[in-house]
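Enquirer: coords below, sequence missing:
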Ligand code: TRP
Ligand code: ZN
């Protein structure tokens with residue numbers, strides 16, 4: 001008895017609740033502390049006619065502390081049953097928090113399995129900036145998109161980019177529908193009037209980059225020169241208009257590998273929805289989602305995110321410029337490499353507002369510094385993209401091409417399949433190039449007001 005009490009006070013037996021958020025500066029309730037998800041096994045049965053989803057989420061995680069309870073994020077939907085390590089667990093829900101109390105406390109370092117059975121009609125949710133994400137019903141199907149916090153509308157999890165995990169997503173849909181997700185298609189089988197698609201993502205993925213798309217897609221496949229399989233799913237009405245841009249995916253993957261280093265994932269592709277179903281494209285991992293037939297530049301942008309955003313992911317939603325600044329700068333580089341305006345010409349065009357060179361040049365790119373958006377409603381605003389790209393170009397001006405491209409490749413390699421923030425970037429850039437870049441950080445990255453060269 002005495003020994004047991006000692007163990008308790010020593011903290012080796014008793015757990016405490018895991019915190020219900022990760023204190024993200026813009027989304028403080030997103031994600032949960034106390035554990036680290038290793039793998040999501042999602043088994044989703046979807047009926048496009050009714051919009052009903054029956055889901056089982058098997059979440060394998062490692063406890064980072066002794067846990068008497070822990071939280072998952074989930075909005076909407078009904079939870080039917082939760083088990084932890086095979087035993088029934090108590091749970092309750094408040095807002096986006098699903099609090100799970102395992103029958104027995106979890107020990108620090110323990111790997112544990114949580115199974116959540118849930119169902120209902122998943123919903124679209126509105127972002128702080130007014131855009132829609134979550135579960136979007138399309139003409140004859142649906143698509144799940146999750147930047148920044150919409151994935152909690154279709155599966156329970158640790159919904160913050162700092163907790164990346166491997167995924168196996170199984171989608172069962174009525175025969176006649178296609179079902180597409182991230183990664184490699186491991187199998188496809190017809191069973192009792194349903195088609196079951198099993199998608200496998202071995203590399204770590206932030207939950208906002210997970211997707212599940214159900215529809216009457218036309219499927220086309222291919223392979224890049226270095227052997228990456230390409231799988232495209234396009235709604236019939238956009239197929240002809242999409243063909244040329246999607247045919248460039250292998251070339252884009254090769255070009256990116258040359259500029260940024262090896263492509264980080266085992267698969268590539270695209271999901272093209274009808275125009276008007278989504279207000280934006282999203283760089284869902286390996287297989288971006290497009291709102292209608294994309295241009296080559298848009299495909300380039302979303303594929304550039306596979307290196308910048310998906311492999312090197314932000315530590316918090318304040319670090320979005322590391323995603324969007326790099327993806328935008330990738331467009332400038334692609335243009336430079338393909339006979340269009342050079343990055344320097346684009347940079348000048350933004351300084352001068354010359355929309356002949358770039359139609360976005362007269363945007364309010366100087367409104368706020370990219371490293372500090374004024375709030376969650378501005379994380380996808382113009383300065384994050386364009387002034388973010390200008391920061392990268394300012395570095396290039398300071399250090400020259402050789403050091404700049406070594407920096408870009410080094411950055412992608414240093415944090416491959418990891419997370420990084422702005423401070424990590426500025427420290428890395430200075431160390432890697434050997435240049436004092438304080439002026440760039442102070443004026444272009446953090447400075448208020450309109451910078452000029
Ligand atoms: N990250 C996407 C891209 O740049 C764009 C995006 C996703 C977005 N969600 C958004 C833009 C919400 C505005 C609002 O490709
Ligand atoms: Zn982007």
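Expert: Received it, and whenever you're ready, just let me know what you need. Note that the structure is predicted; figures quoted are calculated from it, not measured. Residues are numbered from 1 along each chain as shown. Ligands and ions are numbered 1, 2, ... in the order given.
Enquirer: Neighbours of the residue in the stretch 301-450 of the chain that ligand 1 sits nearest to, how many?
Expert: Using Cβ to the nearest ligand atom, the single residue of the stretch 301-450 of the chain nearest to ligand 1 is residue 380, 3.4 Å away. Bear in mind the C-beta positions are built from the backbone N, C-alpha and C, glycine included. Other residues near residue 380 number 19, with proximity taken as other Cβ atoms under 10 Å.
Enquirer: phi, psi of residue 224?
Expert: For residue 224, the backbone dihedrals (degrees, to the nearest 10) come out as phi -80, psi 170.
Enquirer: no no, residue 406
Expert: In terms of degrees, to the nearest 10, the main-chain angles of residue 406 are phi -70, psi -40.
Enquirer: still on that earlier bit, for the residue of the stretch 301-450 of the chain closest to ligand 1, which three-state class applies?
Expert: Per DSSP: H, G, I helix; E, B strand; the rest coil, the local secondary structure of residue 380 is coil.
Enquirer: what sits against it?
Expert: Residue 380 is in contact with 129, 131, 280, 320, 324, counting by Cβ atoms under 8 Å, 6 or more residues apart in numbering.
Enquirer: So the last one belongs to a helix, correct?
Expert: Yes: under three-state DSSP, residue 324 sits within a helix.
Enquirer: if we can go back for a sec, please tell me the pLDDT value assigned to the residue of the stretch 301-450 of the chain closest to ligand 1.
Expert: In this model, residue 380 is scored at 97, pLDDT.
Enquirer: Okay, it and residue 22: tell me how far apart.
Expert: Here the criterion is Cβ to Cβ, to the nearest Å. By it, residue 380 lies 20 Å from residue 22.
Enquirer: Also residue 398?
Expert: 34 Å.
Enquirer: ok, now residue 186?
Expert: To residue 22, residue 186 is 31 Å away according to Cβ to Cβ.
Enquirer: the more surrounded of those two?
Expert: When residue 186 and residue 22 are compared for neighbours, residue 22 comes out ahead with 20 against 12, by other Cβ under 10 Å.
Enquirer: element containing that one?
Expert: Counting by DSSP states H and E, no helix or strand carries residue 22.
Enquirer: Spit out the contact partners of the residue of the stretch 151-300 of the chain found nearest ligand 1.
Expert: Nearest residue of the stretch 151-300 of the chain to ligand 1, counting by Cβ to the nearest ligand atom: residue 280, 4.0 Å away. Residues near residue 280 by Cβ under 8 Å, 6+ apart: 131, 291, 380.
Enquirer: would JSON lines of the residues you listed with distance to ligand 2 be doable?
Expert: Written out in JSON lines, the entries for those read as follows (distance: Cβ to the ion, whole Å):
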{"residue": "131", "distance to ligand 2": "13"}
{"residue": "291", "distance to ligand 2": "13"}
{"residue": "380", "distance to ligand 2": "8"}
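Enquirer: Out of these, flag the one nearest to residue 33.
Expert: Nearest to residue 33 among these: residue 380, at 26.2 Å, using Cβ to Cβ.
Enquirer: Report the separation between residue 68 and residue 84.
Expert: From residue 68 over to residue 84 the distance is 12 Å, taken as Cβ to Cβ.
Enquirer: same check, this time on residue 334
Expert: 48 Å.
Enquirer: quick one, what contacts residue 367?
Expert: 381-383.
Enquirer: so it is in which element?
Expert: For residue 367, there is no helix or strand it lies in under DSSP H and E.
Enquirer: Please report how far it lies from residue 376.
Expert: Between residue 367 and residue 376 the distance, using Cβ to Cβ, works out to 16 Å.
Enquirer: Got the phi and psi for residue 111?
Expert: As for residue 111, its main-chain torsions (degrees, to the nearest 10) stand at phi -90, psi 130.
Enquirer: Leaving out sequence neighbours, find the closest residue to it.
Expert: Nearest residue to residue 111 in three dimensions, chain neighbours excluded: residue 62, at 5.0 Å (Cβ to Cβ, 6 or more residues apart in numbering).
Enquirer: Could you pull up the residues touching the one you found?
Expert: The neighbourhood of residue 62, defined by Cβ under 8 Å, 6+ apart, consists of 35-36, 38, 109-112.
Enquirer: Paired strands for the helix or strand hosting it, with orientation please.
Expert: If you go by DSSP H and E, residue 62 is part of strand 52-63. Taking DSSP bridges as the criterion, strand 52-63 forms sheet pairs with strand 35-47 (antiparallel), strand 111-120 (antiparallel).
Enquirer: So which bits of the stretch 351-453 of the chain are right by ligand 1?
Expert: residue 380 (Cβ under 6 Å from any ligand atom).
Enquirer: low-confidence ranges in the stretch 351-453 of the chain?
Expert: Counting by pLDDT under 70, the stretch 351-453 of the chain contains no low-confidence segment.
Enquirer: Just the closest residue of it to ligand 2, please.
Expert: residue 385 (7.0 Å; Cβ to the ion).
Enquirer: On the three-state scheme, residue 361 is what?
Expert: For residue 361, the secondary-structure state derived from three-state DSSP is coil.
Enquirer: Quick check: it touching residue 352?
Expert: Yes: assessed by Cβ atoms under 8 Å, residue 361 is found in contact with residue 352 at 7.3 Å.
Enquirer: Look at the two and report which has more neighbours.
Expert: Set side by side, residue 361 and residue 352 give different neighbour counts by other Cβ under 10 Å, the larger being at residue 361 (19 against 11).
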